[in-house]
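[1] Here you go, sequence then predicted model.
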Amino acid sequence: MLIGILNVTPDSFSDGGEWNEPRRAVEHGLSMVAAGATVIDVGSESTRPGAAPVSLDEEASRAIPVVRELVDGGVVVSIDTYKANMARLAIQAGASIVNDVTGFGDREMIEAVAGNDVGVVVMHGRGQALDDRPPDDDPVSEVADFLRRRTASLIDVGVDRERIAIDPGLGFAKRHEQSLALVAGVDRLAQMGFPVMVGASRKGFLTGLAGALGREARDSVTAAITALTFTRGASLFRVHDVGRSRDALRLAGAIVASQ
């Protein structure tokens, strides 16, 4: 499943300011659906390193009109937020999924989703730094342990397992080699029994692989990682360039089916 990234922010690391006008944001979301996205993930606060936090009112004013209009147009929408009240507002506007970059460490955030029949994405990311660990540590085991604890806390309050997906948080507080180890270890995360979402799109750790800082190069490598991680058991792919990853998934699926 392809999940199109829609940043309605002025300062996101890869496309800040491109879609922060509601009409243009909705049009872009619809174009990603036409290109093959099943879900549109709307985020209205940048998570890039050093980004300034925004108030709930600001975050909501950016995202909620876009969420509502996409939902009214028949689009399945995910909200990318770590604020419980923002999650509630987005659910009221019709969002079907809550994607939390802090991995539902906030009890109020857990309560916000526990009382609603929405999907949740538990990510290892903000606030869970790996980049200060010794280089010979096993990032896959550490991330898996974290995700195991956080998913258990959701299940304990009544969130069905079928509503939960996990995300290793590539590029979030991780050295480049740690993110690459997590790409290679996706099969181990898939063994946990939850759908695994991969969010490599345009992340900084791709620059060395792409040999350039340009968007085209990052999107090409993102598509390659989409295909690779699909063959290792990932099933959800959060991307900016839906068409490129769609084509990569088709090829990977054909190869897997032929085996």
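    Yes, it's here.

[2] OK, contacts around residue 231?
    By CB atoms under 8 Å, 6 or more residues apart in numbering, the contact list for residue 231 reads 252, 255-256. In short, each C-beta sits where N, CA and C put it, glycine included.

[3] So which of the residues you listed is the closest to residue 4?
    Proximity of these to residue 4 (CB to CB) peaks at residue 252, which lies at 18.6 Å.

[4] Give the closest residue to that closest one in space, chain neighbours not counted.
    With CB to CB, 6 or more residues apart in numbering as the criterion, residue 252 has its nearest non-adjacent residue at 3.9 Å, and that residue is residue 227.

[5] out of the contacts of residue 231, which are buried?
    For the contacts of residue 231, burial is judged from neighbour counts taken by 16 or more other CB atoms under 10 Å, and it is met by residue 252.

[6] now the contacts of residue 231 as JSON lines including secondary structure and distance to residue 239?
    Formatted as JSON lines, the contacts of residue 231 follow (DSSP: H, G, I helix; E, B strand; the rest coil; distance: CB to CB, whole Å):
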{"residue": "252", "secondary structure": "helix", "distance to residue 239": "14"}
{"residue": "255", "secondary structure": "helix", "distance to residue 239": "19"}
{"residue": "256", "secondary structure": "helix", "distance to residue 239": "19"}
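
[7] Can you add distance to residue 110 and give the contacts of residue 231 back as CSV?
    What follows is the contacts of residue 231, written out as CSV (distance: CB to CB, whole Å):
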residue, distance to residue 110
252, 35
255, 39
256, 36
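
[8] which one among the contacts of residue 231 gets closest to residue 137?
    Nearest to residue 137 among the contacts of residue 231 is residue 252, at 29.8 Å by CB to CB.

[9] How about the contacts made by that closest one?
    In this structure, residue 252 makes contact with 226-228, 230-231, judged by CB under 8 Å, 6+ apart.

[10] For these, pick the one with the most neighbours.
    residue 226 (25 neighbours; other CB atoms under 10 Å).

[11] So that one sits against residue 238, correct?
    No. Here residue 226 lies out of contact with residue 238, judged by CB atoms under 8 Å, at a distance of 9.7 Å.

[12] low pLDDT regions in the protein?
    Under the criterion pLDDT under 70, the flagged ranges of the chain are 11-17, 19-20, 47-51, 126, 134-136, 208-213.

[13] Would you map the helices across it?
    For the chain, helices defined by DSSP state H occupy the ranges 22-35, 56-72, 84-92, 107-114, 139-156, 176-184, 186-190, 207-210, 215-231, 242-257.

[14] Go through these and name the closest to residue 10.
    When the helices of the chain are ranked by proximity to residue 10, the top entry is helix 56-72, at 8.9 Å, counting by CB to CB.

[15] counting contacts, what elements does that closest one pack onto?
    Secondary structure elements in contact with helix 56-72, counted by 3 or more CB pairs under 8 Å, 6 or more residues apart in numbering; DSSP states H and E, are helix 22-35, strand 39-43, strand 76-80, helix 84-92.
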